[in-house]
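**Q** can you look at this prediction? I've put the sequence above it.
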Amino acid sequence: MWQALWLLLPLAALSGWWIGRRSSPSESGSPRLPADYFQGLNYLLNEQPDRAIEVFTRMVEVDSETVETHLTLGNLFRRRGEADRAVRIHQNLIARPSLAPEQRAAALLELGRDYLAAGLLDRAETLFIEAMEFPDFRVQSLQSLLEIYQQEGEWDAAITTAQRLQRADGRDLHTEMAQFACEQAERLRRQHGEPSAIRQILRRAMHFDRSCVRASLLKADLEQDEGRWRAAIKACEAVKHQDPDYIPEVLPRLETAYGAVNDHRGFRQALTRLLDRQPTVSVILKLSELIEADDGRESAVEFLASQLRERPSVRGLNRLIELNIQDDDMDERRQRDLNVLRELFQALLADRLPYRCVSCGFEGRQLHWQCPSCRGWATIKPRRGLEGE
């Protein structure tokens, strides 16, 4: 409620100033304000913003001096979720033949935002394209068009608009454009499109952003689909150079590819190289599994314990406890205590979500390439260390 009041008070002040200018002066030479103005203020002070809006709407006539007031009033309705009322106000403005070109462009932009808020994307798109012809409103219009094309999944149009927005104000949108291309590649892959066409799109994504992990992972999946296992391994290997934080996403793909070519030793060597470059808990745990299979439980315990001394983690400690639980251990009390500890650690891990947005802190159980909360692209990553990775 108070937020609405803070939005209305500037409108009330502006309306009062304008009305004061246009009212006939009193005997003392000061402008007279009509009773409606004070009635509107009274509604505001009594926390009745709806009735205040009605009063101010009724008071303000449309002319060249009140355009800003009407724009403010329409914006207020839109922010309150009343897009239909905002549309009526902005449509009324645009219908006035006396509007200056810049004022008309401002009204077009706001009406487009009204339609966007109401989900009428086609109408909004038309208005933003028209408003974009005015230099002062080009950047805002392009931003809104980019939002529309993302909502509609029109990725070619989104890429073109992002390129124009880059030229208009110098911002770097290469990450976003690479993600748009990846969206195209994923869609085509779901539709069982030609692998050559998908590869071309992925090359475009990499052209936009050489560090695009998503493009490498999609390429690895595409190569696996075609049984090109060594090519899939190569695509996975690229991730450690692009962004090592995503190595946990690579491990299942690497394991599948090396397994398909029956190269257990190669997989273990690949994990060792990853460990040297980025000693994440996921790599340590997977390597401990291979050591246990190749060299036995004691070797796995020794390896894991040495790693955890340098890089303690909840998941690592849980795995170490599991390795120490043995059915044939004669020390029943020790085994009981270890089982209790394992249950506690598993309960702790169950409450931790494995992915987090580095921009807004959103957490989830699956990897989203666009954050559902802040809408940022490529901002969600696997969590690390004591936080759950």
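**A** All right, it came through fine.

**Q** what number of residues lie near the nearest residue to Arg319 once chain neighbours are set aside?
**A** In space, Arg319 comes closest to Leu285 once its chain neighbours are excluded; the distance is 5.5 Å by C-beta to C-beta, 6 or more residues apart in numbering. Every residue, glycine included, has its C-beta placed from N, CA and C. Burial of Leu285 is recorded as 19 neighbouring residues (other C-beta atoms under 10 Å).

**Q** quick one, what contacts Leu285?
**A** 304, 315-316, 319 (C-beta atoms under 8 Å, 6 or more residues apart in numbering).

**Q** can you rerun that using 10 Å?
**A** 248, 251, 304, 307, 313, 315-316, 318-320 (C-beta atoms under 10 Å, 6 or more residues apart in numbering).

**Q** for His207, same thing?
**A** Residues in contact with His207 (C-beta under 10 Å, 6+ apart) are 174, 177-178, 181, 215.

**Q** touching, Val314 and Arg352? I think so.
**A** Yes: if you go by C-beta atoms under 10 Å, Val314 and Arg352 touch, sitting 7.6 Å apart.

**Q** more neighbours: these two, which one.
**A** For Val314 versus Arg352, neighbours defined as other C-beta under 10 Å are more numerous around Val314 (18 against 15).

**Q** how near is Arg268 to Glu289?
**A** 10 Å (C-beta to C-beta, to the nearest Å).

**Q** should've said Cys236
**A** Going from Cys236 to Glu289 by C-beta to C-beta gives 18 Å.

**Q** what is the neighbour count of Glu183?
**A** Neighbours around Glu183, by other C-beta under 10 Å: 21.

**Q** could you do the one 4 residues further on as well?
**A** Residues within reach of Arg187, counting by other C-beta under 10 Å, total 14.

**Q** from what I see, Arg138 and Ser144 are in contact.
**A** No: counting by C-beta under 10 Å, Ser144 is not a contact partner of Arg138; they are 11.1 Å apart.

**Q** shared neighbours of the two, which are they?
**A** Joint contacts of Arg138 and Ser144 (C-beta under 10 Å, 6+ apart) are 131-132.

**Q** quick one, which of the two is more surrounded?
**A** Ser144 (23 against 17).

**Q** tell me who's in contact with that one.
**A** 109, 112-113, 115-116, 124-125, 127-128, 131-132, 137, 161.

**Q** which of these are buried?
**A** Among the contacts of Ser144, those classed as buried by 16 or more other C-beta atoms under 10 Å are 109, 112-113, 115-116, 124-125, 127-128, 131-132, 137, 161.

**Q** ok, of these, which one's closest to Phe77?
**A** Using C-beta to C-beta, Arg113 is the member of these that lies nearest Phe77, at 11.3 Å.

**Q** relative to Leu222, how far out is Ser299?
**A** 37 Å.

**Q** out of these two, which sits in the busier spot?
**A** Neighbours were counted for Ser299 and for Leu222 using other C-beta under 10 Å; Leu222 has more, 19 against 13.

**Q** surely that one touches Arg203?
**A** No: in this structure Leu222 lies outside contact range of Arg203 using C-beta under 10 Å: 11.8 Å.

**Q** tell me, what's touching these two both at once?
**A** Joint contacts of Leu222 and Arg203 (C-beta under 10 Å, 6+ apart) are Ala185.

**Q** got the phi and psi for Tyr355?
**A** phi -130, psi 140 (degrees, to the nearest 10).

**Q** let me see the contact set for it.
**A** 248, 362-368, 371, 380-383, 388-389.

**Q** His174: how many residues sit nearby?
**A** Neighbour tally, His174, other C-beta under 10 Å: 16.

**Q** residues contacting it?
**A** His174 touches 162-163, 166, 207-212, counting by C-beta under 10 Å, 6+ apart.

**Q** just those now: which is nearest Arg189?
**A** Closest approach to Arg189 among the contacts of His174 (C-beta to C-beta): Cys212, at 15.9 Å.

**Q** if we can go back for a sec, more crowded one of Arg268 and Glu289?
**A** Arg268 (17 against 14).

**Q** thought the more buried one was touching Leu290?
**A** Yes: using C-beta under 10 Å, Arg268 is in contact with Leu290, at 4.9 Å.

**Q** what pLDDT does Leu142 get?
**A** For Leu142, the pLDDT comes out at 96.

**Q** checking my notes, it in a helix, right?
**A** Yes: applying DSSP: H, G, I helix; E, B strand; the rest coil, one finds Leu142 inside a helix.

**Q** count of neighbours near it?
**A** Leu142 has 23 nearby residues by other C-beta under 10 Å.

**Q** residues contacting it?
**A** Counting by C-beta under 10 Å, 6+ apart, Leu142 touches 128-129, 131-132, 161-169.

**Q** what is the helix or strand harbouring Ala168 packed up against?
**A** Using DSSP states H and E, Ala168 maps to helix 155-169. Packing partners of helix 155-169 (3 or more C-beta pairs under 10 Å, 6 or more residues apart in numbering; DSSP states H and E): helix 138-152, helix 174-190, helix 195-208.

**Q** from the ones you listed, which stretch is densest packed?
**A** helix 174-190 (a mean of 21; mean count of other C-beta atoms under 10 Å).

**Q** between the contacts of Tyr355, which sits nearest Ile89?
**A** Nearest to Ile89 among the contacts of Tyr355, with distances taken as C-beta to C-beta, is Cys371, at 33.5 Å.

**Q** count the neighbours of the closest one for me.
**A** 21.

**Q** how about Glu102?
**A** Quick note: Glu102 (other C-beta under 10 Å) scores 13 neighbours.

**Q** also Arg96?
**A** Other residues lying near Arg96 total 15 when counted by other C-beta under 10 Å.

**Q** that one reaches Ile89, doesn't it?
**A** No: Arg96 is beyond contact range of Ile89, at 11.7 Å (criterion: C-beta under 10 Å).

**Q** returning to that earlier point: which one of the contacts of Tyr355 has the most neighbours?
**A** Neighbour-wise, the contacts of Tyr355 (other C-beta under 10 Å) top out at Ile380, 25 neighbours.

**Q** what's the nearest residue to that residue if we skip its chain neighbours?
**A** Cys357 (4.8 Å).
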